[in-house]
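Asker: quick one, what's the 3D model for this:
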Amino acid sequence: MPIVNRLADMQSEVAEWRRDLHAHPEILFAVHRTAASVAERLKAFGCDEVVTGLGQTGVVGVIRGHKGPPGERQVIGLRADMDALPLEEQTNLPYRSTVPGKMHACGHDGHTAMLLGAAKYLAETRNFSGTAVVIFQPAEEGGGGGREMVKDGLMERFGIQEVYGMHNYPGLPVGQFAIRPGPLLAAADRIIIEIEGLGSHAAKPHHGVDTVLVGAQIITQVQSIVARSVDPVKSGLISICQFHGGTADNIIPQTVTLRGTARSLSPEVQDVLESRLRAVVEGTALAYGAKATLTYRRDYPMTVNHPAQTEFAAAVAADVSGRDRVDADTPPLMGGEDFSFMLQARPGAFIFCGNGDTAGLHHPAYDFNDDAIPVGSSYWVRLVETAMPG
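Answerer: Numbers count the residues shown, from 1 in each chain. So this is what the prediction gives:
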């Protein structure tokens, strides 16, 4: 079963939807325009039910197939994310972001458009026996929108039995897929380090305790944790990505704050990172006469694919693109995903779809590849039709 002809014919139309979303990015839960546009289209497609405001600003569409009594229907959820990133776009695209400081640098505009294309096709044909629930989620980029939709009763309200997600993958050729059973993406934890020293004039550092120096030493020392405290055959990382402090070039600040992330692919490594971070942060500060407090927040859990659903998803992808274009044992990545909360609630699988030779995710020159639209939409359609044949 190759790419669905009807979806290939719809590519230009779906690309226009995608480019409109790209030009009007919204972040976290404040995806009001995007959610309204999604809901309007789902209603126009003739979905049996369209629900808004789930998980604050999430949208859900229900599409029932032609066959099968309601009480015996299988129900499958398909999820796309809608939010953009707080990043200034650096492209000259005709549909570039019109909102300063915000852009779709992760391809969620493409994810939303592909699932909308699939929803339109499924609502037109209904060549399946169960119920397809299309899920459009806010706040994947750090807000935990997936967690909030689950807490708001997503699975129970719509009777979802299995749930599937998809993300584009720069560097993977268009038309190719990658997936694996078990841990696919890392647990993503948040780090906040607050350092207090003694402020002083920059010309009299001996009268103070230099928090900038302490912060720099902590940044250096925490890199020893993965190198010397984590089993070399296991994966973990610590990245300090923000350093805030100071108000002038001649004042040693009283306080500074560091922020970053810790990533792991096993609970054991996660425990090591948290405990060693606390010891290294507090000990390093103490050695310089300062005080440091670590706030370690376990945020997104590991994205763990369920074996049976992963095998099924890989088979569907192979039907769309050919078995030689599906990597069913791709290496895990250290990125994080809040689809993990949905996989904790129901069995399912998360798959990567090739975006071709483009800028990387979260890069200011990134753009979703519209050539991937019929591939991703066909995957969604074939997944529903294969799991619940009409």
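Asker: go ahead and confirm residue 134 touches residue 39.
Answerer: No - in this structure residue 134 lies outside contact range of residue 39 using CB atoms under 8 Å: 11.1 Å. Bear in mind the C-beta positions are built from the backbone N, C-alpha and C, glycine included.
Asker: of these two, who's got more company?
Answerer: residue 134 (27 against 19; other CB atoms under 10 Å).
Asker: and that one, what does it touch?
Answerer: 42, 47, 60, 61, 63, 77, 78, 80, 115, 118, 119 (CB atoms under 8 Å, 6 or more residues apart in numbering).
Asker: in helices only, show me the residues you listed.
Answerer: With DSSP state H as the criterion, helices contain 42, 115, 118, 119 from among the contacts of residue 134.
Asker: need those residues in CSV with neighbour count and pLDDT, can you?
Answerer: Converted to CSV, the ones in helices among the contacts of residue 134 look like this (neighbours: other CB atoms under 10 Å; pLDDT from 0 to 100):
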residue, neighbour count, pLDDT
42, 25, 98
115, 25, 98
118, 28, 98
119, 26, 98
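Asker: pop the domain breakdown of the protein in here.
Answerer: Annotated domains of the chain cover 5-185+302-387, 187-300 [automatic domain parsing].
Asker: and residue 91, which of the three is it?
Answerer: On the three-state scheme (DSSP: H, G, I helix; E, B strand; the rest coil), residue 91 is labelled coil.
Asker: secondary structure element holding residue 12?
Answerer: Assigned by DSSP states H and E, residue 12 belongs to helix 11-23.
Asker: distance from that helix to the middle of the chain?
Answerer: 20 Å (CA atoms, centre = their mean, to the nearest Å).
Asker: what's that helix packed up against?
Answerer: For helix 11-23, the packing partners by 3 or more CB pairs under 8 Å, 6 or more residues apart in numbering; DSSP states H and E come out as helix 32-45, helix 108-125, helix 373-387.
Asker: ok so, going back, what's the most distant pair in the ones in helices among the contacts of residue 134?
Answerer: 42 and 118 (11.4 Å; CB to CB).
Asker: quick one, helices of the chain?
Answerer: For the chain, the helices defined by DSSP H occupy 5-9, 11-23, 32-45, 108-125, 145-151, 154-158, 211-229, 267-287, 307-321, 339-345, 373-387.
Asker: okay, and for the protein, where does confidence drop off?
Answerer: Scanning the chain for pLDDT under 70 picks out 1, 67-72.
Asker: as CSV, the helices of the chain with distance to residue 165 would be great.
Answerer: CSV is the format used below for the helices of the chain (distance: least, CB to CB, whole Å):
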stretch, distance to residue 165
helix 5-9, 19
helix 11-23, 18
helix 32-45, 16
helix 108-125, 9
helix 145-151, 9
helix 154-158, 13
helix 211-229, 28
helix 267-287, 22
helix 307-321, 10
helix 339-345, 4
helix 373-387, 11
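Asker: and the domains of the chain, which is most packed in?
Answerer: domain 5-185+302-387 (a mean of 20; mean count of other CB atoms under 10 Å).
Asker: how far does that domain sit from the chain's center?
Answerer: 10 Å.
Asker: where's the closest residue to residue 116 other than its chain neighbours relative to residue 48, distance?
Answerer: Leaving aside its sequence neighbours, residue 116 sits nearest to residue 41 (CB to CB, 6 or more residues apart in numbering; 5.7 Å). Distance of residue 41 to residue 48, computed by CB to CB, to the nearest Å: 15 Å.
Asker: surely the residue nearest to residue 116 is in contact with residue 16?
Answerer: No - using CB under 8 Å, residue 41 is not in contact with residue 16; the gap is 11.7 Å.
Asker: so what's the spatially most central residue of the chain up against?
Answerer: With distances taken as CA atoms, centre = their mean, residue 337 lies nearest the centre of the chain, 3.9 Å away. For residue 337, the contacting residues are 140, 165, 167, 185, 300, 303, 350, by CB under 8 Å, 6+ apart.
Asker: can you pull the contacts of the fifth one?
Answerer: Right, residue 300. Residue 300 neighbours (CB under 8 Å, 6+ apart): 144, 187, 188, 336, 337, 338, 340, 341.
Asker: and it, what are its bridge partners?
Answerer: With DSSP bridges as the criterion, residue 300 is bridged to residue 188.
Asker: out of the helices of the chain, which is closest to residue 243?
Answerer: helix 211-229 (6.0 Å).
Asker: what residues does that closest one touch?
Answerer: 193, 195-197, 236-238, 240, 243, 245-246, 252-256, 258, 272-273, 276-277, 280-281, 284-285, 288, 290, 292.
Asker: again, 6 Å this time
Answerer: Residues outside helix 211-229 that contact it (CB atoms under 6 Å, 6 or more residues apart in numbering) are 195, 197, 236-238, 240, 243, 253, 256, 258, 272, 276, 280-281, 284-285, 288, 290.
Asker: same check, this time on stretch 308-317
Answerer: Under CB under 6 Å, 6+ apart, the answer for stretch 308-317 is 162, 177, 179, 181, 326, 328, 347-349, 351, 379, 382-383, 386.
Asker: again, but for stretch 177-189
Answerer: The contact list for stretch 177-189, computed with CB under 6 Å, 6+ apart, reads 261-265, 270, 298-305, 307, 310, 313-314, 317, 326-330, 332-337, 350-353.
Asker: next one: stretch 74-93
Answerer: Here stretch 74-93 makes contact (CB under 6 Å, 6+ apart) with 25, 27-28, 31, 34, 96-97, 101-105, 108, 111-112, 115, 130-141, 159-165, 364-365, 380, 387-388.
Asker: would you put the C-alpha positions of that stretch in PDB?
Answerer: C-alpha atoms of stretch 74-93 as PDB (Å, rounded to 0.1, in the frame of the first residue of the first chain):
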ATOM      1  CA  GLN A  74     -11.900  -0.300  18.600                       C
ATOM      2  CA  VAL A  75     -10.700   3.300  19.400                       C
ATOM      3  CA  ILE A  76      -7.300   4.600  18.300                       C
ATOM      4  CA  GLY A  77      -5.900   8.000  19.100                       C
ATOM      5  CA  LEU A  78      -3.600   9.900  16.700                       C
ATOM      6  CA  ARG A  79      -1.700  12.800  18.200                       C
ATOM      7  CA  ALA A  80      -0.100  16.000  16.700                       C
ATOM      8  CA  ASP A  81       1.400  18.900  18.600                       C
ATOM      9  CA  MET A  82       0.500  22.500  17.700                       C
ATOM     10  CA  ASP A  83       2.900  24.900  19.500                       C
ATOM     11  CA  ALA A  84       5.900  26.800  18.300                       C
ATOM     12  CA  LEU A  85       9.100  28.000  19.900                       C
ATOM     13  CA  PRO A  86      10.300  31.300  21.400                       C
ATOM     14  CA  LEU A  87      12.900  31.800  18.700                       C
ATOM     15  CA  GLU A  88      13.500  34.500  16.000                       C
ATOM     16  CA  GLU A  89      13.100  33.000  12.500                       C
ATOM     17  CA  GLN A  90      16.100  33.500  10.200                       C
ATOM     18  CA  THR A  91      14.700  32.600   6.800                       C
ATOM     19  CA  ASN A  92      13.400  34.600   3.800                       C
ATOM     20  CA  LEU A  93      10.400  32.300   3.200                       C
END
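Asker: sounds good, over and out.
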